[in-house]
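> Quick one, fold the following:
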Amino acid sequence: MIDYLRHMETARLALAQSAELQAASLRLIREAETALQEALQNALSTPLEDSLKSTAPICAHRRAHRPGRPAKIDSDPELQAFIRARIDRHTFIEIADAVAKAFPEDRRVGKSAIHDWFKRS
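Numbering: from 1, shown residues only. Sure thing, here's the model as predicted:
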C-alpha cells in the first residue's frame, strides 16, 4: 500500500510539472507570435526607399546601368596602363601572353577581354 501511495504522489507531481511546462510553452508561443506580428507591421510601415538605400558608392559602371560586375581591366589601373602601352604594337594574343607573364593569376585577362575593352575604349 505504501508503494502504491508513493507512485500516486510521483504521478501527481509529474502531471503538475507537465501542466506548468505546457502553460510556459503556450506563453512563449504567444510572445513569439506577438513579436512576429510587430516585426511584420514595422516592416510594412517602413518606407521602401529607406530599406533600398545602399552605403556603397555609385560607380560609373552602376551609373551606366550595366549588368554584372565591372571588367577587370576597367577596375585595375595598372593592368589598364600595361595594356595601353602595348595596344598599338602587339596583337591581342601577344598582349594576353604578356599579361599572363607579368600579373598574378587573379589579375590576368585573355585576348577576348582585351579586345572587348579596346572596342569600348
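
> Which parts of the chain are helices?
2-45, 48-52, 60-63, 72-75, 77-86, 92-102, 111-120 (DSSP state H).

> Check the ones you listed for me: which has the lowest mean pLDDT.
Here the lowest mean pLDDT among those goes to helix 48-52, at a mean of 53.

> and the protein, what are its domains?
2-46, 69-120 (automatic domain parsing).

> which of those domains is buried the deepest?
domain 69-120 (a mean of 14; mean count of other CB atoms under 10 Å). Using the backbone N, CA and C atoms, a C-beta is placed for each residue, glycine as well.

> can you give me the end-to-end distance of it?
Domain 69-120 stretches 15 Å from its first residue to its last (CA to CA, to the nearest Å).

> that older thread, could the domains of the chain go into CSV alongside distance to residue 62?
Formatted as CSV, the domains of the chain follow (distance: least, CB to CB, whole Å):
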stretch, distance to residue 62
domain 2-46, 24
domain 69-120, 9
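
> so which of those gets nearest residue 60?
Among the domains of the chain, the nearest to residue 60 by CB to CB is domain 69-120 (8.2 Å).

> wouldn't residue 108 be in contact with residue 99 here?
Yes. Between residue 108 and residue 99 there is a contact under CB atoms under 8 Å: 5.6 Å.

> Contacts for stretch 89-105, please.
Stretch 89-105 is contacted from outside by 79, 82-83, 86-87, 107-112, 114-115, 118, using CB atoms under 8 Å, 6 or more residues apart in numbering.
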